[in-house]
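Q: From the sequence below, what's the structure:
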Amino acid sequence: MHAFIIEDEYLISQSLRDMLEPLGFTSFSFARSEDAAVMGARSDVIDLITADVRLLPGDGVRAVEAICKDRHIPVVFITGYADELLDRAPTAVVVQKPVKQDQLAIAVENVLRQRRDG
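A: Down below sits the predicted model:
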């Protein structure tokens with residue numbers, strides 16, 4: 001499975017990759033800005049997106065909206081600003097920073113199950 005990690009902090013993106021590998025993800029692509037995320041997602045087959053809400057530069061929510069406009073991809077938002085995100089996207093699946101492996105695993109399992117069931 002392929003995960004697309006949208007995160008502007010390099011160490012966090014690598015940590016997310018390390019946490020996703022035991023969950024069955026074997027390939028990864030990365031973007032550090034809103035524009036790079038939208039452009040980078042065009043040609044990839046993506047099984048999961050993890051996205052930070054605040055990117056420098058840009059906005060992770062807008063990037064996800066653009067990427068998922070014409071296709072359904074499971075998304076887990078990774079953020080230190082959960083309250084802000086829930087105001088903008090009340091049904092979003094959110095993992096609060098600092099990310100813990102068990103919380104990420106539960107969130108990923110939930111969004112993948114929703115995709116299968118739905």
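Q: how about the helices in this structure?
A: 10-20, 34-40, 60-67, 82-88, 101-117 (DSSP state H).
Q: Please name the bridge partners of Leu48.
A: Beta bridges link Leu48 to Ala3, judged by DSSP bridges.
Q: list the contacts for it?
A: By Cβ atoms under 8 Å, 6 or more residues apart in numbering, the contact list for Leu48 reads 1-4, 20, 25, 73-76, 108, 111-112. C-beta coordinates here come from the backbone N, C-alpha and C atoms, glycine included.
Q: Against Glu109, how distant is it?
A: Here Leu48 is placed at a distance of 11 Å from Glu109 (Cβ to Cβ, to the nearest Å).
Q: Nearest the geometric middle of this structure, what residue?
A: The central residue of the chain, meaning the one whose C-alpha is nearest the mean C-alpha position (Cα atoms, centre = their mean), is Thr50 at 1.2 Å.
Q: export the contacts of Leu48 to TSV and tack on neighbour count?
A: Converted to TSV, these look like this (neighbours: other Cβ atoms under 10 Å):
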residue	neighbour count
Met1	15
His2	13
Ala3	25
Phe4	25
Leu20	22
Phe25	19
Ile73	17
Pro74	21
Val75	24
Val76	24
Val108	24
Val111	18
Leu112	17
